[in-house]
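In: how does the following fold in three dimensions:
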Amino acid sequence: MLIRSFSVERSVQAVSGTRECFNAGFLFYLLEARYTGFQTNVPDTFFEIRDLIKIYEGHLTVYLKPKTSLIFPHIRVQWRLLNQEARIMALHVYGINYRTAPIQMREHMAIAHEKLAEPLANLLMQPSVSEAMILATCNRCELYTITDSPVPIKDWLNIKHSPNTEDFSHFVYEYYGEQAMRHLLRVACGLDSLALGESQILGQLKKAFNTAKQSNAIGPYLGHLVENVLANAKKIRRHTGINEHTTSIASTAVSLAKNIFTDFSGLTVLLIGAGETAELVAHHFHEQGVKHIITANRTLRHAQGLAKKFSGKGISLMELPAYLSQVDIVISTTASPQPVLNKLMVQEALASRDQRPMYIIDIAMPRDVEPAVAELPGVHLFNVDDLQGIAQEGLQERRHAAEKAEHLIDAWLQQYQQQLDGKAFIETIKSFRQRVEDMRSTEVRKALQLLKSGNDPEHVLLTMANTITKKMMHYPTIQLRRASQTGNTDLLDVAKQLFDV
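Out: Numbers count the residues shown, from 1 in each chain. Down below sits the predicted model:
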């Protein structure tokens, strides 16, 4: 998509290496800076500033990096538009999910929701990134960026998160442009989920979007796109009925328990965590007849609040060892950076269970339960990857709805792309008109000043006309010369059509 460019002319006092802010609505422009030294022995110097420019809260931030060995302790900077042609920006998706990466890799990539602000800020510092969003769930970690070059994102992800950069590329997938937009809507519709059509992902996407907005990582492009995707995902879900036969990670975990126990009425279930997923699990167990639900959480009042909804008992994480020996099933959902259940804790609980087996289902990412717990006799440990077979139940009914959803996604993508293309043409026309108007206004202002000073009117008019002509011809001429050097005949054909020559 072509991002609209703008024109700005303003003199400011600055110090080399600092930054200046201008009010502006869009970003990434090629500007010319004129550095004028106060000392008479320092000549005027012109530079093309090709460093990327960032927008924060409607302000254009330009980093002053003069391409010279001279150091001007105090300089006057005048910015003006050098090239009306904006960079071509597009959506880029880079990530891993349950299909492409083992749980160990996804665990390493996991980012807690409350800690997304820092990686978002780091992403925005990358030279090619103007907007960003991170979607991190138990089954995927995806970076959505608006960029004109996806390679630096890949490098950043390798450096920041990969335990083994050399092997990391085998686990990731990436989409660019239209394919990236298609992927985003498929994710929102649940078509890329472990449980086909599951609806929890829609709320997770909305939450990721709101977090990115709060971190000032969302701009006009990604903001419009995600809002459009969220609205259309709801329509597609309603129209296809894909929600009617769907499951979720929470319901799949309960289904796994149903394969183990035939009667839930006498079971005691321990839920570790008090978030949305834990509440869904509690709801499904309650529907299956479980009467004894214990919820454990770092914050006791949150655990008690959830337990109260199901006539259960809320405890703190510190109390886990005292209750672990009493339960039949443990479902853990906290995604704590450190394991909540370790081997020693479970081993001590088993000692007072009279050889009763313990079933632990860890659906957190990163995992809440140490993998070594599975080595203990009498313990049956499952993680999110073990749920894939269960999630396929009822798949036939959902496949038909998924096919309908894919057709609707194709139609949406075509319509949205046409909308973007139309907007890009309109913005380009506006920008071109504004540029010509800026040229005219500047030269008319200069001419009026010369006339007031008593200069010859004919000479002033001829000079004004000549200057406007030169400015109008300057950059088209440069681009055509470059095209001739590279053999770009397409640009020549376009120029002939535009200028009617």
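In: so residue 288 versus residue 264, what's the distance?
Out: 5 Å (Cβ to Cβ, to the nearest Å). Bear in mind the C-beta positions are built from the backbone N, C-alpha and C, glycine included.
In: meant to ask about residue 305, not that
Out: Residue 305 sits 23 Å away from residue 264, going by Cβ to Cβ.
In: cool, and residue 125?
Out: From residue 125 to residue 264 the distance is 51 Å (Cβ to Cβ).
In: neighbours around residue 361, how many?
Out: Using other Cβ atoms under 10 Å, residue 361 has 24 other residues around it.
In: wait, it sits on residue 253?
Out: Yes: counting by Cβ atoms under 8 Å, residue 361 touches residue 253, with 5.0 Å between them.
In: next, the buried residues of whatever helix or strand residue 185 lives in.
Out: Element membership of residue 185, judged by DSSP states H and E, is helix 178-188. Neighbour counts using 16 or more other Cβ atoms under 10 Å place 180-188 of helix 178-188 among the buried residues.
In: which SS state does the closest residue to residue 495 other than its chain neighbours fall under?
Out: Leaving aside its sequence neighbours, residue 495 sits nearest to residue 480 (Cβ to Cβ, 6 or more residues apart in numbering; 6.0 Å). Classification of residue 480 by DSSP: H, G, I helix; E, B strand; the rest coil places it in helix.
In: number of residues surrounding residue 480?
Out: Residues near residue 480, counting by other Cβ under 10 Å, number 15.
In: list the contacts of it.
Out: Counting by Cβ atoms under 8 Å, 6 or more residues apart in numbering, residue 480 makes contact with 491-492, 495.
In: how far away is it from residue 496?
Out: 10 Å.
In: repeat that for residue 113.
Out: Per Cβ to Cβ, residue 113 is found 55 Å from residue 496.
In: pick out whichever of those two has more residues nearby.
Out: Neighbour comparison, residue 113 and residue 496: the larger count goes to residue 113, with 14 against 10 (by other Cβ under 10 Å).
In: tell me which residues touch that one, please.
Out: Residue 113 touches 136, 207-208, 211, counting by Cβ under 8 Å, 6+ apart.
In: from memory residue 365 sits against residue 105, does it?
Out: No: Residue 365 is beyond contact range of residue 105, at 11.0 Å (criterion: Cβ under 8 Å).
In: which one of the two is surrounded by more residues?
Out: Remark: of residue 365 and residue 105, residue 365 carries more neighbours, 25 against 21, as counted by other Cβ under 10 Å.
In: which element, helix or strand, includes the closest residue to the more buried one other than its chain neighbours?
Out: Nearest-residue entry for residue 365: residue 138, 3.7 Å, with adjacent residues in sequence omitted and distances by Cβ to Cβ, 6+ apart. Using DSSP H and E, residue 138 is not contained in any helix or strand.
In: give the contact list for residue 138.
Out: Per Cβ under 8 Å, 6+ apart, neighbours of residue 138: 249, 277, 335, 363-365, 384.
In: tell me the one of these nearest residue 203?
Out: residue 277 (10.6 Å; Cβ to Cβ).
In: for the closest one, what are its contacts?
Out: 138, 200, 249-250, 333, 363.
In: quick check, central residue of this structure?
Out: residue 133 (1.8 Å; Cα atoms, centre = their mean).
In: wait, a strand at that residue?
Out: Yes: Residue 133 sits within a strand when classified using three-state DSSP.
In: how close does it get to residue 181?
Out: From residue 133 to residue 181 the distance is 13 Å (Cβ to Cβ).
In: any weak-confidence spans in the stretch 301-450 of the chain?
Out: Residue ranges of the stretch 301-450 of the chain with pLDDT under 70: 392-397, 422-424.
In: quick one: the strands in it?
Out: According to DSSP state E, counting those that start in this stretch, the stretch 301-450 of the chain carries its strands in the segments 313-316, 329-332, 358-362, 379-383.
In: and for residue 107, the neighbour number?
Out: 18.
In: isn't it right next to residue 368, touching?
Out: No: using Cβ under 8 Å, residue 107 makes no contact with residue 368, being 10.6 Å away.
In: from what I can see residue 304 touches residue 310, true?
Out: No: using Cβ under 8 Å, residue 304 makes no contact with residue 310, being 11.6 Å away.
In: separation between residue 116 and residue 207?
Out: 10 Å.
In: before we move on, what about residue 342?
Out: In terms of Cβ to Cβ, residue 342 sits 30 Å off from residue 207.
In: residue ranges with poor pLDDT in the protein?
Out: 1-88, 150-168, 245-246, 392-397, 422-424.
In: for it, what's the longest helix?
Out: The helix that spans the most residues within the chain, counting by DSSP state H, is helix 395-452.
In: how long is stretch 181-197 end to end?
Out: 18 Å (Cα to Cα, to the nearest Å).
In: typo on my end, stretch 481-497
Out: So stretch 481-497: terminal residues 17 Å apart, Cα to Cα.
In: identify the residues contacting it?
Out: 476, 479-480, 501.
In: switch to 10 Å and redo it
Out: Outside stretch 481-497, the residues that touch it by Cβ atoms under 10 Å, 6 or more residues apart in numbering are 476-477, 479-480, 501.
In: just put those in TSV and tack on distance to residue 400.
Out: As requested, the contacts of stretch 481-497 are arranged in TSV below (distance: Cβ to Cβ, whole Å):
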residue	distance to residue 400
476	55
477	59
479	52
480	55
501	57
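In: now, the most widely separated pair of those?
Out: Every pair of the contacts of stretch 481-497 checked by Cβ to Cβ; the farthest is 479 and 501, at 14.9 Å.
In: quickly list what's touching both of residue 365 and residue 105.
Out: Common neighbours of residue 365 and residue 105 (Cβ under 10 Å, 6+ apart) are residue 141.
In: residue 267: what's it in contact with?
Out: Neighbours of residue 267 in contact, by Cβ under 10 Å, 6+ apart: 257, 260-261, 285, 288-293, 327-329, 359.
In: among the residues you listed, name the buried ones.
Out: 257, 285, 288, 290, 292-293, 327-329, 359.
In: closest to residue 273 among the residues you listed?
Out: residue 293 (12.7 Å).
In: which element is the closest one on?
Out: strand 292-297.
In: ends of stretch 117-134, how far apart?
Out: End to end - Cα to Cα - stretch 117-134 spans 10 Å.
In: flag every buried residue along that stretch.
Out: Applying 16+ other Cβ under 10 Å to stretch 117-134 flags 119-120, 123-124, 126, 128-134 as buried.
In: how far does that stretch sit from the chain's center?
Out: Relative to the centre of its chain, stretch 117-134 is centred 8 Å away, using Cα atoms, centre = their mean, to the nearest Å.
In: and stretch 104-118, by the same measure?
Out: On Cα atoms, centre = their mean, the centre of stretch 104-118 falls 13 Å from that of its chain.
In: again, but for stretch 412-422
Out: 21 Å.
In: need the contact partners of it.
Out: Outside stretch 412-422, the residues touching it (Cβ under 10 Å, 6+ apart) are 1-2, 90, 177-179, 181-182, 185, 221, 224-225, 228-229, 232-233, 235-236.
In: any of those residues buried? List them.
Out: Counted by 16+ other Cβ under 10 Å, the contacts of stretch 412-422 give 1-2, 90, 181-182, 185, 221, 225, 228-229, 232-233, 236 as buried.
In: ok, which pair from the residues you listed is furthest apart?
Out: So, these by Cβ to Cβ: farthest apart are 2 and 236, at 28.3 Å.
In: fine, thanks again, bye for now.
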